[in-house]
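**Student:** from the sequence below, what's the structure:
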Amino acid sequence: MKNISVLVSGGGTNFQAVIDQIESGAIRNARIAQVISSNAKAYALERAAKHGIKSVVIGKNEYPDMAERTDAIIRALDEEQTDLIILAGYMSVLQPALVRKYKDRIINIHPSLIPKYCGMGFYGHYVHEAVLAGKEKESGATVHFVDEGVDTGKIILQRRVPVLPEDTPDTLAARVLQVEHQILPEAVRLFCDDEIDQAGKKVLIVGGGGREHAIAWKLSQSPHVGRLYCAPGNAGISRVAECVPVKAEDLEGIRDFCVKEEIDMAVIGPEVPLSMGITDLLAAEGIRVFGPDKSCSRLEASKSFTKEFLLRHQIPTARYKEYTDPAELRKDIGIFGFPMVIKADGLAAGKGVVMAEDAEAAEKAIHEMMEERKFGEAADKIIVEECLTGVEASMLCFVDGKTIVPMESAQDYKRVFDEDQGPNTGGMGSYSPSLLFNGELEQRIRTEILDPTIRGFQEDGLDFHGVLFIGLMLSEDGPKVIEFNNRFGDPETQSVLMRLNTDLLDIFDACIDGTLADMDIQWTDQRAVCVVLASGGYPDSYEKGKRIEGLDSVDDDVIVFHAGTAWKDGETVTSGGRVLGVTALGATHEEARAKAFANVEKIRFEGAHYRKDIGLVRRG
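**Tutor:** A predicted model of the protein is given here:
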């Protein structure tokens, strides 16, 4: 039985909500031992009396000296052998001595979505006035642990409340208060039933790009994450996780770090360590891994493996042919007409595809890939496909070995220049949801692609746990698979995870444990747009070390995911081809797009390049 002490200063409606849930039996293993009020006239004291709860007044009038007042509170807490302290409208700052003594045993309810509109000066109606002045589309409430900062403790629960056009501070406050009455008792129940992992799990993210920053940003919001690491990370990731100087391809280094630090879960971002077998290596050490094993990773590491899988299971895709001899390939130039799609079979960082418009361009691609070995071993085998026409789209799916659950749809932009001109890149931007998806199309994708894919995995003995990225062509004949990837797409992840409401760590656990079918994954109705800022010259040669300016001027509700950045002499500098992903939410697609581009213009570095048509609909 947990002993609860409630600290109040006013009416205590949240206090009453906890009383009601205890008396109804919804909260078991708990009793409210006492109420401590800083105000002798607080109505919460009458509530306590009605329910036979002990109360004591410890305020400025009784104890003018802060140190003596804190000592009196601690004595009262100790006398009742307090297990949990609830701050329910307590209008006084707790002193460090009390917070340290009751570390991870003090919870507070705040009327906003922390980290927004919190800290000194943000309480009561001031919060709701600020939300409306900031023209926010949503607000809400947060239950969090109390630490020595102000509203900086680990979040336990959050719930959103839409901001309505006609809202006043009073009407918004009333709806937020209703949510407070729901989530504070729920947080108390979780604590009393020992369902809050107060130490938190140690999680390592492997990788250092924009995708990994988005994953780290989302995982940092989980109440179940204690310490978050990223290897190797980047300048942006360092703000939400501890960066470890180990390269993603250094499998032994990753393993040694996981063993030494007793990592609870490793989340693998890039495709290369997956194809090298990092999941198998870590699993052998008893470490939980989110990401497919080496056998399943062939779905991305070998395009011919995937094409054979698709044909075997009658999943719609383009016709193709394989080549290992450049002379044989030259004989078949134009085999499926032009443009001629020429792909390196192996991993080429998203750049191993050439759309040859004529025989001369095809000859050049064959020479560069197979004879100059532009992509190394990745082009030992070449895949030639017929050129599908239509609009490309992306679908990321969570997979637990037996269930496949699509995330919200997204579209990305592969070519480096506007209007899909220039060479392929890793991706110059994305938005979610796709403007071309509808219920009928989603059902066709489920029936013709997702269902036969998960059946095919089981029939072929592919025990896939992780994210399956499906590149689609929305053709006149229906959706067709262009490619499979074994991990979150980049930059689709930036747009998609911005819209995820469900705890990402819970989803990862479900994928690993095979319980995905039991999850109800929730998404916001808001739209997201991500615009990538790239180095001049990308995807070919480019310079690094360019100082980045303007990051501090970006709007508070816009997230800049770092892809290729580093710290140098106390400044953020470029360190890759794709540098930043400026990502914004909006009530409408147009609002999100306008907000993203408005903030892109605030950021500067020498040679910076971005597409200006991200978010515009392409119809093939």
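
**Student:** next, count neighbours for the closest residue to Met340 other than its chain neighbours.
**Tutor:** The shortest distance from Met340 to any residue other than its chain neighbours is 4.3 Å, reached at Ala356 (Cβ to Cβ, 6 or more residues apart in numbering). The way it works is simple: take the backbone N, C-alpha and C, and place the C-beta from them, glycine included. As a burial measure, the neighbour count of Ala356 was computed by other Cβ atoms under 10 Å and equals 21.

**Student:** right, and Ala356 touches Ala362 too?
**Tutor:** Yes: the pair Ala356 and Ala362 qualifies as a contact (Cβ atoms under 8 Å) at a distance of 3.8 Å.

**Student:** on that earlier part again, list the contacts for the residue nearest to Met340?
**Tutor:** With contacts defined as Cβ atoms under 8 Å, 6 or more residues apart in numbering, Ala356 is in contact with Phe338, Pro339, Met340, Val341, Ile342, Ala362, Lys364, Ala365.

**Student:** likewise for Lys602?
**Tutor:** For Lys602, counting by Cβ under 8 Å, 6+ apart, the contacting residues are Gly550, Ser553, Val554.

**Student:** recalculate using a threshold of 10 Å.
**Tutor:** Contacts here follow Cβ atoms under 10 Å, 6 or more residues apart in numbering; on that basis Lys602 touches Glu549, Gly550, Leu551, Asp552, Ser553, Val554, Asp555, Val558, Val560, Val582.

**Student:** and for Tyr323?
**Tutor:** Under the criterion of Cβ under 10 Å, 6+ apart, the neighbours of Tyr323 are 329-332, 335, 342, 345, 366, 370, 381-384.

**Student:** hey, what's it bridged with?
**Tutor:** For Tyr323, the residues forming beta bridges with it (DSSP bridges) are Ile382.

**Student:** and Val560, what element?
**Tutor:** Remark: Val560 resides in strand 559-562, with elements defined by DSSP states H and E.

**Student:** next, the buried residues of the helix or strand following that strand.
**Tutor:** Taking DSSP H and E as the definition, the helix or strand that follows strand 559-562 towards the C-terminus is strand 565-568. For strand 565-568, the buried set under the neighbour-count rule, 16 or more other Cβ atoms under 10 Å, comprises Thr565, Ala566.

**Student:** Asp451 sits in which helix or strand?
**Tutor:** Under the criterion of DSSP H and E, Asp451 resides in helix 451-459.

**Student:** so which elements touch that helix?
**Tutor:** Contact partners of helix 451-459 among helices and strands, from 3 or more Cβ pairs under 10 Å, 6 or more residues apart in numbering; DSSP states H and E: helix 303-312, strand 391-400, strand 404-406, strand 465-475.

**Student:** state the mean pLDDT of the host helix or strand of Val176.
**Tutor:** Using DSSP H and E, Val176 falls within helix 169-192. Helix 169-192 comes out with an average pLDDT of 94.

**Student:** elements contacting that helix?
**Tutor:** Here helix 169-192 is seen to pack against strand 2-8, helix 13-24, strand 30-37, strand 84-88, strand 106-110, helix 125-133, strand 138-145, strand 155-162 when contacts are counted using 3+ Cβ pairs under 10 Å, 6+ apart.

**Student:** orientation of the second one relative to strand 30-37 in degrees?
**Tutor:** Following axes from the mean of the first three to the mean of the last three Cα atoms, to 10 degrees, one obtains 160 degrees for the angle between helix 13-24 and strand 30-37.

**Student:** wait, Thr171 touches His128, no?
**Tutor:** Yes: using Cβ atoms under 10 Å, Thr171 and His128 qualify as a contacting pair, with a distance of 8.9 Å.

**Student:** more neighbours: which of the two?
**Tutor:** His128 (25 against 14).

**Student:** most centrally placed residue in this protein?
**Tutor:** For the chain, the residue sitting closest to the mean C-alpha position, by Cα atoms, centre = their mean, is Lys218 at 3.5 Å.

**Student:** do you know how far the residue lying closest to Ile155 once chain neighbours are set aside is from Thr82?
**Tutor:** Sequence neighbours aside, His144 is the residue nearest to Ile155 in space, at 4.8 Å (criterion: Cβ to Cβ, 6+ apart). His144 sits 18 Å away from Thr82, going by Cβ to Cβ, to the nearest Å.

**Student:** could you do Val93 as well?
**Tutor:** Distance, Val93 to Thr82, using Cβ to Cβ: 19 Å.

**Student:** the more surrounded of those two?
**Tutor:** In this comparison of Val93 against Thr82, neighbours counted by other Cβ under 10 Å, the higher total goes to Thr82 at 20 against 10.

**Student:** run a quick neighbour tally on the closest residue to the more buried one other than its chain neighbours.
**Tutor:** Sequence neighbours aside, Ser5 is the residue nearest to Thr82 in space, at 4.5 Å (criterion: Cβ to Cβ, 6+ apart). For Ser5, the tally of surrounding residues (other Cβ under 10 Å) stands at 25.

**Student:** distance of Ser5 from Val617?
**Tutor:** 57 Å.

**Student:** give me the common contacts of Ala356 and Ala362.
**Tutor:** Common neighbours of Ala356 and Ala362, using Cβ under 10 Å, 6+ apart, are Ile333, Gly334, Phe338, Pro339, Met340, Val341, Ile342, Val384.

**Student:** got TSV for those, with neighbour count, secondary structure and distance to Ala214 too?
**Tutor:** As requested, the shared contacts of Ala356 and Ala362 are arranged in TSV below (neighbours: other Cβ atoms under 10 Å; DSSP: H, G, I helix; E, B strand; the rest coil; distance: Cβ to Cβ, whole Å):
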residue	neighbour count	secondary structure	distance to Ala214
Ile333	19	coil	40
Gly334	12	coil	41
Phe338	15	coil	37
Pro339	16	coil	32
Met340	24	strand	35
Val341	20	strand	29
Ile342	26	strand	31
Val384	23	strand	34
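
**Student:** looking at those, which is nearest Leu98?
**Tutor:** Sorting the shared contacts of Ala356 and Ala362 by distance to Leu98 puts Val341 at the head of the list, at 66.4 Å, by Cβ to Cβ.
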